[in-house]
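**Student:** Provided below are the primary sequence and the corresponding predicted coordinates.
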Amino acid sequence: GAVVSQHPSWVICKSGTSVKIECRSLDFQATTMFWYRQFPKQSLMLMATSNEGSKATYEQGVEKDKFLINHASLTLSTLTVTSAHPEDSSFYICSARGSSGTSGSSYEQYFGPGTRLTVT
Amino acid sequence: GQNIDQPTEMTATEGAIVQINCTYQTSGFNGLFWYQQHAGEAPTFLSYNVLDGLEEKGRFSSFLSRSKGYSYLLLKELQMKDSASYLCAVRDRRALTFGSGTRLQVQP
C-alpha cells in the first residue's frame, strides 16, 4: 500500500525557535496533502490543505503566518512552526492523497506516523 | 461545515461484538471513513463507505445510511489488541474531518 513518511518523528525545541516537519509520499504522487494537529486525548484537527504548486488553504483559527506550509513537489510537503511556544506542543500528522491512476487511491488519505513536538 | 458525533468511551469483553455509532451532518458528502488509532500513533485505515449499506472486511464491518447521516463500525470476536480509539471521519470535497473518537477498552 501507499506509504507516507514524516521527519522527524519527535522534536524538542526552545520557545521562540522554528521547527520544520517534512512529509513525504514514498511510492505515489500526492496531489493533495493535509496537515492535522492532535492534542492529548483529542481527535485530529485539520490545520490546512495543500495542493502541489499552490498556496495552502488554512482552516479557520489556524494562523497561516505561524504555520508555514510548502508543497513544492508531488512527494514532499513541509510544515514550519515559526516562533514556537509551549502551547504549540502537539502531535502533528500529515496525510496525503493521490489522484486517479496513481498507486495511491484517489479516495483514501494515507497518514504519516506523526511528529511529536515539544516546546520548552 | 461538518458536525460529527460518536460516543466518547465504550467497554466490551474479549470475544464479544461491539458496535460504535457515528452520526454526522455535512455539506457535500463524499465518503465516510473509520480509522483505528492506538495511543501515540497515527490513525490506520479500517473502512470506507460512500454508498448505503454494509461493507465487511474480516472482523470489521461498517455500515452507512446517507439519508440518516448515520454510520456504525462493528467489531466481531474482540481481541485485547482492539483496545484503541476509533475515529469516524467524513470527507467533503476538500478533506477529511474527524469526530472526537471513541476510546474502546476490551476487557478479559
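**Tutor:** It's in.
**Student:** Quick check: residues of chain B near chain A?
**Tutor:** B:31, B:33, B:35, B:40-45, B:48, B:50, B:87, B:91, B:94-101 (Cβ under 8 Å from any Cβ of the partner chain). Any C-beta I mention is one placed from the backbone N, CA and C, and that applies to glycine too.
**Student:** quick one: B:M10 from chain A, how far?
**Tutor:** Plainly put, B:M10 is 15 Å away from chain A if you go by Cβ to the nearest Cβ, to the nearest Å.
**Student:** List the contacts of that residue.
**Tutor:** B:M10 is in contact with B:18, B:20, B:102-105, counting by Cβ atoms under 8 Å, 6 or more residues apart in numbering or on different chains.
**Student:** again, but for A:S9
**Tutor:** A:S9 makes contact with A:113-116, according to Cβ under 8 Å, 6+ apart.
**Student:** could you flag which of those are buried?
**Tutor:** A:114-115 (16 or more other Cβ atoms under 10 Å in any protein chain shown).
**Student:** Okay, and which of the contacts of A:S9 map to strands?
**Tutor:** Among those, the subset assigned to strands under DSSP state E consists of A:115-116.
**Student:** Output the contacts of A:S9 as CSV; include the columns distance to chain B.
**Tutor:** Shown next, in CSV, are the contacts of A:S9 (distance: Cβ to the nearest Cβ, whole Å):
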residue, distance to chain B
A:P113, 5
A:G114, 5
A:T115, 10
A:R116, 8
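**Student:** Among the contacts of A:S9, which one lies nearest to A:A56?
**Tutor:** A:A56 lies nearest to A:T115 out of these, by Cβ to Cβ, at 17.2 Å.
**Student:** quick one: the strands in chain A?
**Tutor:** Listed in chain order, the strands of chain A (DSSP E) span A:4-7, A:10-13, A:19-25, A:32-38, A:45-51, A:57-58, A:67-73, A:76-81, A:90-97, A:110-111, A:115-119.
**Student:** Rebuild these as JSON lines, extending it with mean pLDDT.
**Tutor:** Formatted as JSON lines, those follow (pLDDT from 0 to 100):
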{"stretch": "strand A:4-7", "mean pLDDT": "94"}
{"stretch": "strand A:10-13", "mean pLDDT": "96"}
{"stretch": "strand A:19-25", "mean pLDDT": "96"}
{"stretch": "strand A:32-38", "mean pLDDT": "93"}
{"stretch": "strand A:45-51", "mean pLDDT": "92"}
{"stretch": "strand A:57-58", "mean pLDDT": "93"}
{"stretch": "strand A:67-73", "mean pLDDT": "91"}
{"stretch": "strand A:76-81", "mean pLDDT": "96"}
{"stretch": "strand A:90-97", "mean pLDDT": "94"}
{"stretch": "strand A:110-111", "mean pLDDT": "89"}
{"stretch": "strand A:115-119", "mean pLDDT": "97"}
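**Student:** Write down the beta-bridge partners of residue 45, one by one.
**Tutor:** I'll assume chain A. Per DSSP bridges, the residues bridged to A:M45 are A:R37.
**Student:** wrong one, chain B
**Tutor:** B:Y35.
**Student:** right, and A:D65 touches A:T82 too?
**Tutor:** Yes. Using Cβ atoms under 8 Å, A:D65 is in contact with A:T82, at 7.3 Å.
**Student:** Compare the two (neighbour count), which wins?
**Tutor:** Set A:D65 next to A:T82 and count neighbours by other Cβ atoms under 10 Å in any protein chain shown: A:T82 wins out with 15 against 8.
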